[in-house]
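Visitor: after the sequence you'll find the predicted model.
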Amino acid sequence: MRLPEHSSASIGRASVREGATSASEDGELPVKFVESLGVMGHELRNALSCITSATAVMRARQPASEEERRWLAMIERATRRMGEIVSTSLECVRVGREAVVVNAELMDLRGLCEEVIEEARASHATTIQLGAGESAWGCWDRVAIAQVLSNLLRNAAVHGGTDAPIAVEITVSPQVAAVTVTNRGATIPRELLPSLFEPFHRGSTPGPRGAQGLGLGLFVVQRLVKAHHGSIAVHSSIERGTSFTVELPRRR
Amino acid sequence: MVGRELVVLVDDDESVRESVPDLLRQWGYEAIAFPSAAAFLAWEESSEAACLILDIAMPGMTGVELYRELVRRSQATPTIFITAHADVTDRALLLKEGAMDCLFKPFSEHDILAAVASAVQRRPRGHP
């Protein structure tokens, strides 16, 4: 497939896309759909608890052969992955149905970034570089912004190249703090950009790491950023890689 | 391995009742599971538990209601709540009410065992 050399899109207060096939005009998901997703997520969490406990018992009893150890590791990896999918689905339930409540507090965006990056390095076994810079203080919802960063990093880990690190840059102006997450994976085709933040949007091909999510991560990001009166922009080119830039007003 | 403290799980989900007690037994605990708060309350030895693991959302009496009932009966046992409905606000409230911990499913082996180890140490003296 020939990829376009340059694609970009911006979604913010004035330009949040409307008319998505499965979202209402204000970006909310249909109530019945969200309720179903919630019920399914909770039931899956029970099943995952069972698998997690059972595999822990098997590991404690020490598998007899190398083959059994390999199968067990495979089950554990798949279980972690399912857990991530369920968590993202339930996050979508939380933010997809009604206005997102923002519990703003004075916080340092750079400090939070460092925490989330550390977790992401462990989860995704990938190299993530945070550019040098100063603290970025502002009033935001710590849990929500951590979710935004986590989703963007996961997206970059899934779709980025296997040999190039993910780059995170933070810039600050008197009014706005911005975080840019860049990966060096395949560029995003221009025709996919308008639907990038719609729920259940998935790329046309899986990333080099194979697994794709449900396509809810960027939808959740968009909802949380919008709740902060912020904006998110995407730039994708062969020369510069694919960047997602989130801009957040420092005061609400 | 640890001692043979009795850990009681109350959860309406059969798969959780089947798996978590096995994990606890693997680490040296006695473990027994009940499918509902009513079944646990009907058990004559309910006061013998060194630690309770209660699912929050259950049909009939919820895990939180069971916990409050036990407190009302002066039968408070160190309690860990488990839930598939992740809500950090609920967690904060439960900890404020005296719960030892509140874990979101699927919890890791490390998290549940650490919580149980901590809970059984908090059991009031005088119990067997």
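Guide: Great, that's in hand. Predicted model only: the values in this text are computed from it and were never measured. Numbering: from 1, shown residues only, chains lettered A, B, ... in the order given.
Visitor: closest to the centroid, which residue in the chain?
Guide: Here I'm looking at chain A. In chain A, the centroid-proximal residue (Cα atoms, centre = their mean) is A:N151; its distance is 1.5 Å.
Visitor: wrong one, I was asking about chain B
Guide: Within chain B, the residue whose C-alpha comes closest to the C-alpha centroid is B:I53; the distance, by Cα atoms, centre = their mean, is 1.2 Å.
Visitor: what does the helix or strand where that residue lies contact?
Guide: For B:I53, the host element (DSSP states H and E) is strand B:51-55. Residues from elsewhere that reach strand B:51-55, judged by Cβ atoms under 8 Å, 6 or more residues apart in numbering or on different chains: B:5-13, B:16, B:20, B:37, B:63-64, B:66-67, B:70, B:77-83, B:100, B:112, B:116, B:119-120, B:123. No exception for glycine: its C-beta is placed from N, CA and C like everyone else's.
Visitor: and if you look at stretch B:20-32?
Guide: Defining contact as Cβ under 8 Å, 6+ apart, one finds that stretch B:20-32 is touched by A:49, A:53-54, A:56-57, A:60-61, B:1-9, B:11, B:33, B:53, B:109, B:112-113, B:116, B:120.
Visitor: re the thing from before, so of the contacts of strand B:51-55, which ones are in strands?
Guide: Using DSSP state E, B:6-10, B:79-83 are the members of the contacts of strand B:51-55 that sit in strands.
Visitor: select the helix or strand of chain A having the lowest average pLDDT value.
Guide: Taking mean pLDDT, DSSP states H and E as the measure, chain A has strand A:6-11 as its least confident helix or strand, at a mean of 52.
Visitor: check contacts around the residue nearest to the centre of chain A.
Guide: If a contact means Cβ under 8 Å, 6+ apart, then A:N151 has A:88, A:217-218, A:220-221 as its contacts.
Visitor: so how far is A:D141 from the nearest residue to it once chain neighbours are set aside?
Guide: Excluding the flanking residues, the one nearest A:N151 by Cβ to Cβ, 6 or more residues apart in numbering or on different chains is A:G217, at 4.1 Å. Here the distance between A:G217 and A:D141 works out to 18 Å (Cβ to Cβ, to the nearest Å).
Visitor: give me the more crowded residue out of those two.
Guide: Neighbours were tallied for A:G217 and for A:D141 using other Cβ atoms under 10 Å in any protein chain shown; the higher tally belongs to A:G217 (26 against 20).
Visitor: near the closest residue to B:L52 other than its chain neighbours, how many other residues are there?
Guide: Leaving out its chain neighbours, the residue that sits closest to B:L52 by Cβ to Cβ, 6+ apart is B:T79, at 4.5 Å. Close neighbours of B:T79, defined as other Cβ under 10 Å, add up to 27.
Visitor: check B:T79 and give its pLDDT.
Guide: At B:T79, the pLDDT value in this model is 96.
Visitor: sorry, back to before: the contacts of A:N151 in helices, which ones?
Guide: Counted as lying in helices by DSSP state H, out of the contacts of A:N151, are A:88, A:217-218, A:220-221.
Visitor: and of those, the nearest to chain B?
Guide: Of all the ones in helices among the contacts of A:N151, A:T88 has the smallest distance to chain B: 12.0 Å, by Cβ to the nearest Cβ.
Visitor: from what I can see A:W137 touches A:L106, true?
Guide: Yes. The pair A:W137 / A:L106 is scored as a contact, 6.5 Å apart, by Cβ atoms under 8 Å.
Visitor: tell me which of these two has more neighbours.
Guide: Of the pair A:W137 and A:L106, A:W137 is the one with more neighbours under other Cβ under 10 Å, namely 15 against 11.
Visitor: contacting residues around A:T182?
Guide: Contacts of A:T182 (Cβ under 8 Å, 6+ apart): A:156, A:166-169, A:240-244.
Visitor: restrict those to those near chain B?
Guide: The subset of the contacts of A:T182 lying close to chain B, counting by Cβ under 8 Å from any Cβ of the partner chain, is empty.
Visitor: which pair in the residues you listed spans the largest distance?
Guide: Pairwise distances across those (Cβ to Cβ) peak at 14.8 Å, for the pair A:V168 and A:R240.
Visitor: can you give me the helices in the stretch 1-150 of chain A?
Guide: Per DSSP state H, counting those that start in this stretch, the stretch 1-150 of chain A has helices spanning A:31-60, A:66-96, A:109-124, A:142-159. These are given in chain order.
Visitor: TSV please, covering these and showing mean pLDDT.
Guide: Below are the helices of the stretch 1-150 of chain A laid out as TSV (pLDDT from 0 to 100):
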stretch	mean pLDDT
helix A:31-60	85
helix A:66-96	82
helix A:109-124	87
helix A:142-159	90
